[in-house]
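A.B. asks: how does the following fold in three dimensions:
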Amino acid sequence: MTTTTTATSTAARRSSTDRLDLAGIDFDAFVDQPLGPDTLRCLRYMHDVEHHTVCYLRDVLVTDSHRDVEITDFLALWVYQERYHGESLGRVLEAHGEPANEVRIAATRRSLPLADRLLPVGMVLANAITRHLPAVHMTWGAVNEWTTQAAYARLIERSGHPVLRELLRRIMRQEGRHIAFYAEQARRRLDGSRAAQRLTRFSMERLWSPVGAGLMPESEVRHVASHLFGGGEGRDAAARIDRRVQGLPGLAGLAPLQHAFDRYAA
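C.D. replies: Numbers count the residues shown, from 1 in each chain. Model prediction:
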């Protein structure tokens, strides 16, 4: 392990111990200046995805990723921090008179399809076949975090709401630290391993979909894709993420965002 990698990972773990700072965020401002329906629809989606992070963690820890102390230390703190991202978005929904947090999440989890229950079984079987699932998980996580951060940035631009802008910027700063960990781990695990590169490329080409696609109805995925990543500026944001993916070892030419949004934003 290089000194740079150790420093990056340690910094990511240390910074992730902090809950989201909500000092000065005036949630009552949303009563006087409510968000538009398209923005609220996106926030419901983001709220549910942030709260679902602990369920994604379940699928990772049944694989060999749980043997890596560096990964598990980060993931434990990551899921804690993501929970409070969801809580803060829930307070925005509550300011609009909508159910949020425990009430909304309980209903969402009750509606999950059977495939969600079976996913850990598939992970266990895949883990018995290959030792390179951690490379897939770290790459998948990096792409999801890149996409999430870009979605928040686009929502800031589209909403024009000053309080939402400040809240999402604070969330984005923490997401940036998550990105640093995932991207560094992905780069390290892909570098020099043709087997890890092949498995990851296959997974990203055939299995990856935008974060939340397995959780939310397809109509909601399409709305977020078209509202945030449709049009010239949205497509530019997606293209920037694809270029970051293509910069990872063995993933040249891969364009998961372009392919996903060609489908969902049509």
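
A.B. asks: who's in contact with residue 179?
C.D. replies: With contact taken as Cβ atoms under 8 Å, 6 or more residues apart in numbering, residue 179 is in contact with 142, 145, 146, 149. Quick note: C-beta positions are derived from backbone N, CA and C, even for glycine.

A.B. asks: averaged pLDDT, the longest helix along the chain. What do you get?
C.D. replies: Counting residues, the longest helix in the chain under DSSP state H turns out to be helix 162-190. If you average the pLDDT over helix 162-190, you get 96.

A.B. asks: the helices in the stretch 51-200 of the chain, which residues?
C.D. replies: 53-61, 69-95, 102-110, 114-129, 133-159, 162-190, 194-206 (DSSP state H, counting those that start in this stretch).

A.B. asks: just name the most buried of those helices.
C.D. replies: Most buried of these, by mean neighbour count (mean count of other Cβ atoms under 10 Å): helix 133-159, with a mean of 23.

A.B. asks: list the helices and strands it packs on?
C.D. replies: Contact partners of helix 133-159 among helices and strands, from 3 or more Cβ pairs under 8 Å, 6 or more residues apart in numbering; DSSP states H and E: helix 37-51, helix 114-129, helix 162-190, helix 194-206, helix 218-229, helix 231-246, helix 256-264.

A.B. asks: gap between the last one and the chain center?
C.D. replies: Per Cα atoms, centre = their mean, to the nearest Å, the displacement of helix 256-264 from the mean C-alpha position of its chain is 16 Å.

A.B. asks: reformat the helices of the stretch 51-200 of the chain as JSON lines; add distance to residue 230.
C.D. replies: Conversion of the helices of the stretch 51-200 of the chain to JSON lines gives the following (distance: least, Cβ to Cβ, whole Å):
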{"stretch": "helix 53-61", "distance to residue 230": "26"}
{"stretch": "helix 69-95", "distance to residue 230": "22"}
{"stretch": "helix 102-110", "distance to residue 230": "25"}
{"stretch": "helix 114-129", "distance to residue 230": "28"}
{"stretch": "helix 133-159", "distance to residue 230": "10"}
{"stretch": "helix 162-190", "distance to residue 230": "19"}
{"stretch": "helix 194-206", "distance to residue 230": "22"}
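
A.B. asks: looking at these, which is closest to residue 247?
C.D. replies: helix 162-190 (8.6 Å; Cβ to Cβ).

A.B. asks: brilliant, that's me finished.
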